[in-house]
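Novice: pasting a predicted model and its sequence here:
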Amino acid sequence: MAAHDAWALVCRLFAGGTPVLRATLSPRDVDTLSVLVNAVKPTTVDQSFVLCPHCQQHRAQVWSDGRGGRMCRCPDCGPVAVEANDGTALALNEDWFRQKMRLALDIESRDGIDDLGDGVWRLGDIRRSPVLLARDLTRVLQEPALLDRVRVAGGDIRVITPRPRTTRGSPFSVGIEWLALEERFTFYGGGIAYIRPGAGTELNVAADPWAPVHGPFSADFSWVILSDWPHGPIRCTEGQAAIFSALWSFKGVKVDGERVMLKAGQESDKPIDLFKVKAANKGKPEYEGPLHAYRALVESNRRQGVYWMPCASNLNHP
Ligand SMILES: [Zn+2]
């Protein structure tokens, strides 16, 4: 899936922290560039050294070949001609990345992002719990002072880093939650989406988090797949997912709005309240999508105050 490949490329660019030569990208990577318009930007790299175009293993200095062209001298391959476009490179738009990570985590704290230096940022707080983003897990593990700098009394710390090849389980002790960038986030609708814990438990590891499990809904009801929605899987907020999950549990039977809200554990009056799109968000697919899904899937009778979801009827699930 293109979104999956796109996210993999974003993670790699973030982990590397430097531009990559376009010539070194795989055809799958290149395919994702059309959806990564804001996430990845063209740049140039120092042209005095290039990755050897032949073996792509060694960085080698570039020389003039004396005939108006250029060549590099690779320790393995010897002299190799360097095409003029070999210097074209791509870099992650790091500002975009950090802003979208904040949005994905619903970080609204007024203080901005703190650059703690050498590839570590404090993105902000989730309910008084600081969130660190780092290029390299090892650095955070080797420098506990970094965590002390952001620690607040009574608040856990969340640390987000790319997953090192060798790390299994959580590398931290209690009070610090580690989120592997590749697994707990994904590229979605031009931005970044957070994948809540548990979302993957009913899926096999290779499946996308939005893979439909209950009718059009993902295992945790936080994604909806509708073929008439052109923007891909629809991502729901926690409250919206709770409404869909509650309605699903009633198997298409007409139920009082109050009972739906109780089952969903939501405090609003009516199910639709959680789907309303604020004026400022009108037309934005990430907000309009859940409302579209609600209208497509949920039936109601306003006079009787009852709601039901036909796709959840007994015929459709045992
Ligand atoms: Zn070489």
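Specialist: Sure, I can see it.
Novice: who's in contact with the closest residue to Ala91 other than its chain neighbours?
Specialist: Spatial nearest neighbour of Ala91, excluding adjacent residues (C-beta to C-beta, 6 or more residues apart in numbering): Pro19 at 4.0 Å. (Each C-beta comes from the backbone N, C-alpha and C, glycine too.) Taking C-beta atoms under 8 Å, 6 or more residues apart in numbering as the contact definition, Pro19 lies against 43-45, 89-91.
Novice: neighbours of Val50, just the number please.
Specialist: By the criterion of other C-beta atoms under 10 Å, Val50 has 25 neighbours.
Novice: regarding it, what is its secondary structure?
Specialist: At Val50 the chain is in strand, as set by DSSP: H, G, I helix; E, B strand; the rest coil.
Novice: lowest-confidence entry in the contacts of Pro19?
Specialist: Among the contacts of Pro19, Val45 has the lowest pLDDT, at 71.
Novice: who are the contact partners of it?
Specialist: For Val45, the contacting residues are 18-19, 21, 87, 89, by C-beta under 8 Å, 6+ apart.
Novice: apply 6 Å and report the result again.
Specialist: 19, 89 (C-beta atoms under 6 Å, 6 or more residues apart in numbering).
Novice: for it, give its distance to Leu132.
Specialist: Val45 is 29 Å from Leu132, where distance means C-beta to C-beta, to the nearest Å.
Novice: ok, His231 next?
Specialist: Distance, His231 to Leu132, by C-beta to C-beta: 31 Å.
Novice: Asp156 now?
Specialist: Taken as C-beta to C-beta, the span from Asp156 to Leu132 is 11 Å.
Novice: what about these two, which has more around it?
Specialist: Each of Asp156 and Leu132 has its neighbours counted (other C-beta under 10 Å); Leu132 has more, 23 against 16.
Novice: and the helix or strand containing that one, which strands flank it?
Specialist: Counting by DSSP states H and E, the element that carries Leu132 is strand 129-134. Based on DSSP bridges, the pairing partners of strand 129-134 within the sheet are strand 120-126 (antiparallel), strand 157-161 (parallel).
Novice: what domains does the record give for the protein?
Specialist: Residue ranges for each domain of the chain read 2-92, 94-194, 223-312, as given by automatic domain parsing.
Novice: which of those domains sits closest to the ion?
Specialist: domain 2-92 (3.2 Å; C-beta to the ion).
Novice: and for Ala219, the neighbour number?
Specialist: Using other C-beta under 10 Å, the number of residues around Ala219 comes to 19.
Novice: quick one, which of the strands paired with strand 129-134 is nearest to Ala145?
Specialist: Closest to Ala145 of these is strand 120-126 (C-beta to C-beta; 11.1 Å).
Novice: hmm, who's touching the closest one?
Specialist: The contact list for strand 120-126, computed with C-beta under 6 Å, 6+ apart, reads 101-102, 105, 107, 109, 113-115, 130-134, 146, 150.
Novice: stretch 65-83 now?
Specialist: Residues outside stretch 65-83 that contact it (C-beta under 6 Å, 6+ apart): 50, 52-55, 58, 60, 62-63.
Novice: of those, list those near the ion.
Specialist: 52, 54-55 (C-beta under 5 Å from the ion).
Novice: compare those and tell me which is most surrounded.
Specialist: Neighbour counts for the ones next to the ion among the contacts of stretch 65-83 peak at Cys52, which has 20 neighbours (criterion: other C-beta under 10 Å).
Novice: ok, now which ones touch it?
Specialist: Counting by C-beta under 6 Å, 6+ apart, Cys52 touches 58, 60, 74, 77, 80.
Novice: thinking again about what came up before, which ones among the contacts of stretch 65-83 lie within strands?
Specialist: The strands, defined by DSSP state E, take in 50, 60, 62-63 from the contacts of stretch 65-83.
Novice: so for Thr167, which of the strands paired with strand 129-134 sits nearest?
Specialist: Of these, nearest to Thr167 by C-beta to C-beta is strand 157-161, at 9.1 Å.
Novice: for the helix or strand following that closest one, packing partners?
Specialist: Using DSSP H and E, the helix or strand that follows strand 157-161 in sequence is strand 176-180. On a contact count with 3 or more C-beta pairs under 6 Å, 6 or more residues apart in numbering; DSSP states H and E, strand 176-180 meets strand 157-161.
Novice: what sits up against the strand it packs on?
Specialist: Outside of strand 157-161, the residues within contact range by C-beta under 6 Å, 6+ apart are 130-134, 137, 140, 147, 176-179, 181.
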